[in-house]
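Participant: Sequence and predicted structure below; questions after.
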Amino acid sequence: MDEWLTEYGVTLGVGALILFMVFIVWDLARRSNAGKFGTMILYIGLAMGIFGFLVKIVITYILENTGVGD
């Protein structure tokens, strides 16, 4: 159980956090009257963080399955 929580719980937790951050950015853009361009910039900033998290998952998968670092 602990191993499952370690592997999948963190990924699911971060995924839920990302969805919550999408809501936060939407609310921030709406309350600040950011307009289309400002909203786009806010979501690009959020997307860069999400992309970094996904790249980390891919790099970890590659390193674990190619035997690099053994």
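Facilitator: Looks like it arrived, so ask away. Residues are numbered from 1 along each chain as shown.
Participant: going forward, measure contacts between C-alpha atoms and count neighbours the same way
Facilitator: Will do.
Participant: In this protein, where's the longest helix?
Facilitator: helix 35-66 (DSSP state H).
Participant: buried sites along it?
Facilitator: 39, 42-43 (16 or more other Cα atoms under 10 Å).
Participant: okay, those in TSV with pLDDT next?
Facilitator: Shown next, in TSV, are the buried residues of helix 35-66 (pLDDT from 0 to 100):
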residue	pLDDT
39	93
42	92
43	94
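Participant: Roughly how far does residue 66 sit from residue 56?
Facilitator: 16 Å (Cα to Cα, to the nearest Å).
Participant: ditto for residue 8
Facilitator: The gap separating residue 8 from residue 56 is 14 Å, by Cα to Cα.
Participant: Centre-most residue in the chain?
Facilitator: Centroid-nearest residue in the chain, with Cα atoms, centre = their mean: residue 50, separated by 3.1 Å.
Participant: Now do the same contact list for that one.
Facilitator: residue 18 (Cα atoms under 8 Å, 6 or more residues apart in numbering).
Participant: and it, what pLDDT?
Facilitator: At residue 50, the predicted lDDT confidence score is 86.
Participant: Next: the one 10 residues further on.
Facilitator: Among the per-residue scores, residue 60 holds a pLDDT of 87.
Participant: just residue 10 next, same as before
Facilitator: So residue 10 comes in at 79 (pLDDT).
Participant: just residue 70 next, same as before
Facilitator: 57.
Participant: heads up, I number from 727, so please use that
Facilitator: Let's use 727 as the start, then, which means that last one is residue 796.
Participant: Show me the shaky parts of the protein.
Facilitator: 794-796 (pLDDT under 70).
Participant: swap the cut-off to 90 and go again
Facilitator: 727-741, 744, 775-776, 779-780, 782-783, 786-787, 789-796 (pLDDT under 90).
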